[in-house]
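> need a 3D model of the sequence below.
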Amino acid sequence: MTDDLFDLHTGYVNFKNPIALATMAGITDCSFANKYAIRAGLVVIGSFNLDDKTNDAALKLIARGRNEFVSDNPFEFLKNEIECMGNNNVVAVNVRNTVIEPLLESARIIRDAGGILELDAHCRQEEMVSIGVGEALMHDIPRLVDWIGKIKETGVVVSVKIRANIVDDIALTKAIDSAGADILHVDAMKEGAGADLRVIRNIRDSTKMFLIGNNSINCFKDAKDMFARGADMVSVARGVLNDPNIISELVDDISALQQATGWYNAPKHLCGGEGDLRALAFCCLPVKPCAIHNKIAKLGLSAQEFANMKMAFARGTMLEPGENTCFGSLVWCCKLSKPCFLRDGVMDMIGLSGAEYMRLKKNLATYILENAKVPVNEP
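Here you go, the predicted model:
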């Protein structure tokens, strides 16, 4: 597999694939990552504590049987961990602290190493929350926004790790977006078990940030389900403990899918009630009652404006032909996963491969969102 199979980037960072190792407190350091995630497109190490208060809280967690990283010299520890990773992976460092200054110092260290600072707004342990870090930041959006803005001023690429279904997910997403974060890393936790895929879809429809989906990724089907709701990348945590080969297997599987289809995270169809806004690329003419009307209204478009937009994109491309299809053009045809002899017949006749068809549909989705009257990240 080539390193340029995926066009994945944000800021100064380029990812070789959309599979990541997520943090597990006291577990995911450079040694763990080098052993189990050398092929990952992103490795997130940490969470690392940067001051006495967070280190003291970590010691309390250790005393009751949890794993944590504790250091007397946090910045030296952080530097050593980054250097230990070498140049095989893009590295994000998940950090937490009670005040902003150590976060800025760590941001400069991480920036100079070409890495990503991931701000921990995710930890739910009471020892951390009670001192104002981790999940407490989701309940203090003004402070969270202020911190993100100041960290971004250092020039580092910023990721924010959050937990879903705690506060208003969309309001939180828009606040983080407006503050200037580059990446949103979402633990799609829901009550009970499994991942809340609706959260990933709803967040995808609310932001243009690079989106990492996390929670219950234990096999390729789990990853595909999250990709199909709009995740640019998925991260694996405890799945690695259950299957040490899972990251390598996921990289192979998603690379094969990308080679075959050209759009590894193509969305579900809208008509099934699961697709995000990108699925408008697969919609037929909006001439009957359908979920499409709510979606295009969200973009500030009338049915006619939407139809004109798709036809304008198709003109002169291989999506323009198709008089024998339902609406006279491939631009109105559905995803390859849905069997259609009319679509496939036209594609065979004009020599359009499945992968190229899907790449054109991906470009169409981008075109629709970029030309919407109401941007998806509008407050």
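> on the three-state scheme, V234 is what?
Recorded secondary structure, V234: strand (DSSP: H, G, I helix; E, B strand; the rest coil).
> kindly report the same for E118.
Per three-state DSSP, E118 ends up strand.
> which residues touch it?
Contacts for E118 (Cβ atoms under 8 Å, 6 or more residues apart in numbering) come out as 23, 44, 46, 92-95, 158-161, 183, 185. All C-beta atoms are positioned from the backbone trio N, CA, C, and that covers glycine.
> recalculate using a threshold of 7 Å.
44, 92-94, 159, 161, 185 (Cβ atoms under 7 Å, 6 or more residues apart in numbering).
> repeat that for L285.
Counted by Cβ under 7 Å, 6+ apart, L285 has contacts 307, 327, 332.
> surely it forms part of a strand?
No - under three-state DSSP, L285 falls outside any strand and is assigned coil.
> returning to what we had before: just the ones in strands from the contacts of E118, please.
44, 92-94, 159, 161, 185 (DSSP state E).
> show the pLDDT at T2.
Per-residue pLDDT puts T2 at 52.
> where does G46 sit: helix, strand or coil?
Going by three-state DSSP: G46 is strand.
> that one reaches N94, doesn't it?
Yes - using Cβ atoms under 7 Å, G46 is in contact with N94, at 3.3 Å.
> which neighbours do these two have in common?
Between them, G46 and N94 share the contacting residues T23, judged by Cβ under 7 Å, 6+ apart.
> about what we covered before: G149: which of the ones in strands among the contacts of E118 is nearest?
G149 lies nearest to S159 out of the ones in strands among the contacts of E118, by Cβ to Cβ, at 14.8 Å.
> so that closest one versus T23, what's the distance?
For S159, the distance to T23 equals 11 Å [Cβ to Cβ, to the nearest Å].
> and the ones in strands among the contacts of E118, which of them are buried?
By neighbour count, with 16 or more other Cβ atoms under 10 Å, the ones in strands among the contacts of E118 hold 44, 92-94, 159, 161, 185 as buried.
> if we can go back for a sec, ok, so of the contacts of L285, who is nearest F6?
W332 (27.7 Å).
> does C290 touch C271 like I think?
Yes - C290 is in contact with C271 according to Cβ under 7 Å; the separation is 6.3 Å.
> so which strand or helix has the nearest residue to L257 once chain neighbours are set aside?
Sequence neighbours aside, Y264 is the residue nearest to L257 in space, at 5.2 Å (criterion: Cβ to Cβ, 6 or more residues apart in numbering). Using DSSP states H and E, Y264 maps to neither a helix nor a strand.
> do you know how far Y264 is from M85?
Separation of Y264 from M85 (Cβ to Cβ) stands at 25 Å.
> of these two, which one has the most company?
Counted by other Cβ atoms under 10 Å, Y264 and M85 do not tie: Y264 has more neighbours, with 25 against 22.
> next one, pLDDT for the more buried one please.
The predicted local confidence for Y264 is 97.
> report the contact partners of it.
18, 227, 254, 257-258.
> put together JSON lines for the buried ones among the ones in strands among the contacts of E118, with pLDDT and distance to K295 on each row.
Below are those laid out as JSON lines (pLDDT from 0 to 100; distance: Cβ to Cβ, whole Å):
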{"residue": "V44", "pLDDT": "98", "distance to K295": "32"}
{"residue": "A92", "pLDDT": "98", "distance to K295": "32"}
{"residue": "V93", "pLDDT": "98", "distance to K295": "37"}
{"residue": "N94", "pLDDT": "98", "distance to K295": "34"}
{"residue": "S159", "pLDDT": "98", "distance to K295": "28"}
{"residue": "K161", "pLDDT": "98", "distance to K295": "29"}
{"residue": "H185", "pLDDT": "98", "distance to K295": "26"}
